[in-house]
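K.L.:
Sequence and predicted structure below; questions after.
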Amino acid sequence: MLKINLQSIHYFLKVAETLNFTEAAKELYVSQPALSKQIRQLELSVGVQLLKRNTKQVELTEGGKIMFNAWSQAIGQINDALVQAHEANAKSKKKLRIGLLEFGGVIDTLMPLLEKYADSQEEFEIEYATYGFTQLKEKLKKRELDIIFSFSSEIPAQNAGISFRILKDMDLNIIVSKKNRFYGRETLEVKELKDETFYIFSNAYSDEAKNSIVSHCQKDGFYPAKIKFFPNITSLAIALTSGTGVTIGYRVFFSDMGDRLKFFPIKEEIGKHYIVMAWEEKKEEQLQDLLEFLKERI
């Protein structure tokens, strides 16, 4: 039985195409002596001289031409079969659709762990997507996502058919830019913001943001003097860093802003929130390995 490896055949095909050992070696990223050695070993293995060599040129022998045609077809068939095999395995895997909040801080926190989980298992073909708060909830309810990662304030504790688990503590902050009059302060409380313009996510992006911020203000005896709504995190971040308004939110909203923003922690108990993962109760058994994987690492 012949002992031939695919690498040797690949090397021979490249030399046969170029009819130049120097050029073939460059394209294969190997040294010319190593390439010549592989070709000689291949010829010994098959018992056929494949190439005529002299100081001026390289030619295929008649036998080399026959093997070139046969091996070219064989390699093509192997490559086609590999593509089909990968596609067949992918079709046989269950899909696990994961949704994350489209904030850099959330993605940076969770993706390394999710990628480790993906590498550790073979049951699922995992798909990732990022959305705003409201879209995440809607897609979970419509069963377009299997599991989502959001904030506890956005997922009511009593939500029929939906389970959730706390992953990480999140502290609320009053957030201002360098252009705001409070930027130079060491501390800041919500009650001092009664004359400020509040920057808040629109209801389409987060159906809880306005209620949450207004409730903080009302607990301190006032309703925001002025509110501006923004359709996504990017719009709000641009307005906040370039304007004088304020918002109440999490550091992970603005993880890459450096000293352009200042964060004043809200110390009351109401200021405590969490990153959570939520899923349909019916799918808990299917998701158990992922749930346990994250529980052990966060």
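P.N.:
Structure's in. What do you need?
K.L.:
Double-check that residue 228 belongs to a strand.
P.N.:
Yes - Residue 228 sits within a strand when classified using DSSP: H, G, I helix; E, B strand; the rest coil.
K.L.:
Looking at it now. What's its pLDDT?
P.N.:
We note a pLDDT of 96 for residue 228 in this prediction.
K.L.:
so who does it touch?
P.N.:
Residue 228 makes contacts with 197-200, 239, 245, as judged by C-beta atoms under 8 Å, 6 or more residues apart in numbering. All C-beta atoms are positioned from the backbone trio N, CA, C, and that covers glycine.
K.L.:
and if we set it to 10 Å?
P.N.:
Residue 228 makes contacts with 197-200, 202, 235-236, 239, 243, 245, 247, as judged by C-beta atoms under 10 Å, 6 or more residues apart in numbering.
K.L.:
go on, residue 187?
P.N.:
174, 264-265, 267.
K.L.:
nearest to residue 153, of the contacts of residue 228?
P.N.:
residue 200 (13.0 Å; C-beta to C-beta).
K.L.:
Hmm, residue 216 and the closest one touching each other?
P.N.:
No - Residue 200 is beyond contact range of residue 216, at 11.4 Å (criterion: C-beta atoms under 10 Å).
K.L.:
what's the overlap in contacts for these two?
P.N.:
Here residue 200 and residue 216 share the contacting residues 224, 248, scored by C-beta under 10 Å, 6+ apart.
K.L.:
Identify the farthest-apart pair in the contacts of residue 187.
P.N.:
174 and 267 (10.8 Å).
K.L.:
Narrow the contacts of residue 187 to just the buried residues.
P.N.:
By neighbour count, with 16 or more other C-beta atoms under 10 Å, these hold 174, 264 as buried.
K.L.:
Now go through the contacts of residue 187 and say which are in strands.
P.N.:
Judged by DSSP state E, the contacts of residue 187 include 174, 264-265 as members of strands.
K.L.:
how far out from the middle of the chain is the helix or strand that contains residue 130?
P.N.:
Assessed by DSSP states H and E, residue 130 sits inside strand 124-131. Put simply, strand 124-131 sits 8 Å off its chain's centre (C-alpha atoms, centre = their mean, to the nearest Å).
K.L.:
Which SSE is immediately downstream of it?
P.N.:
Assigned by DSSP H and E, the successor of strand 124-131 is helix 133-141.
K.L.:
Show me what that next one is packed against.
P.N.:
Secondary-structure packing of helix 133-141 (3 or more C-beta pairs under 10 Å, 6 or more residues apart in numbering; DSSP states H and E): strand 94-101, strand 124-131, strand 147-151, strand 162-171, strand 272-280.
K.L.:
in its sheet, what does the third one sit against?
P.N.:
Applying DSSP bridges to the sheet, strand 147-151 is found paired with strand 94-101 (parallel), strand 272-280 (antiparallel).
K.L.:
Dihedrals phi and psi, the residue most central in space within the chain?
P.N.:
Centroid-nearest residue in the chain: residue 111, 5.5 Å away (criterion: C-alpha atoms, centre = their mean). Backbone torsions of residue 111, given as degrees, to the nearest 10, read phi -60, psi -40.
K.L.:
do the same with residue 203
P.N.:
Residue 203 adopts backbone torsions of phi -60, psi -30, taken as degrees, to the nearest 10.
K.L.:
so it touches residue 134, yeah?
P.N.:
Yes - contact criterion C-beta under 10 Å: residue 203 and residue 134 qualify, at 7.7 Å.
K.L.:
Look at those two and report which has more neighbours.
P.N.:
residue 134 (18 against 13; other C-beta atoms under 10 Å).
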